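# what's the 3D shape of this:
(one chain, ligands or ions: 1)
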Amino acid sequence: MGIKEALEAAYDASMHAYAPYSKYHVGAAVLLDDGSIIVGSNFENASYGLSLCAEAVAIASANSESRLHNIIAITIAGGKPDNDGRAMLTEIPCTPCGRCRQIIKEVSDVMDKDIAIYCLHQSGYRRYRLSEILPDAFGPNNVA
Ligand SMILES: [Zn+2]
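Residues are numbered from 1 along each chain as shown. Alright, predicted model coming up:
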């Protein structure tokens with residue numbers, strides 16, 4: 001499996017978002033170097049600040065399978081839900097929030113790699129590099 005399947009997996013994972021407060025469904029998928037995919041969806045909480053983003057869930061799930069070092073890309077799909085709960089994509093892609101960029105930074109530095117981030121939108125996807133959307137970031141090397 002490759003990026004195309006990871007993009008579809010992120011889109012499908014948005015259907016499983018638990019987002020009763022924002023009503024904004026996000027799915028994420030990390031693509032591993034052996035082609036396998038691990039997904040996450042946003043998981044909100046009545047205490048709003050405790051909510052988890054889809055990207056964080058997917059990355060933490062990969063870590064819980066000892067696969068953190070195998071992540072080569074992350075894909076993201078977000079939007080208001082359609083009747084099936086999948087994100088209705090717009091022309092503006094759902095990009096990682098600041099906190100998730102920092103989480104992706106941790107993975108990037110652990111792997112000594114500039115992780116590719118693919119964000120779905122209505123007519124395709126945009127590809128970013130972490131260094132592009134979080135330049136001069138604080139990371140593990142700062143506290144080493
Ligand atoms: Zn986030």
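# chain center to stretch 71-83, what's the gap?
Between the mean C-alpha point of stretch 71-83 and the mean C-alpha point of its chain there is a distance of 7 Å (Cα atoms, centre = their mean, to the nearest Å).
# again with stretch 84-100
On the basis of Cα atoms, centre = their mean, stretch 84-100 is displaced by 9 Å from the centre of the chain it belongs to.
# what's in contact with that stretch?
When contacts are taken as Cβ atoms under 8 Å, 6 or more residues apart in numbering, the neighbours of stretch 84-100 outside the stretch itself are 11-12, 14-17, 25-27, 53, 55-56, 74, 76-82, 104, 117, 119-123, 125-126, 128, 133. Where C-beta positions appear, they are placed from N, C-alpha and C, glycine not excepted.
# which strand residues bridge the closest residue to residue 67 other than its chain neighbours?
Excluding the flanking residues, the one nearest residue 67 by Cβ to Cβ, 6 or more residues apart in numbering is residue 32, at 5.7 Å. Beta-bridge pairing for residue 32 (DSSP bridges): residue 71.
# next one: residue 32, what pLDDT does it get?
Note on residue 32: pLDDT of 97.
# that one against residue 68, yeah?
No - here residue 32 lies out of contact with residue 68, judged by Cβ atoms under 8 Å, at a distance of 9.7 Å.
# so what sits against both of these two?
Listed contacts common to residue 32 and residue 68 are residue 62; contacts here mean Cβ under 8 Å, 6+ apart.
# residues from this protein in reach of the ion?
53, 97, 99-100 (Cβ under 5 Å from the ion).
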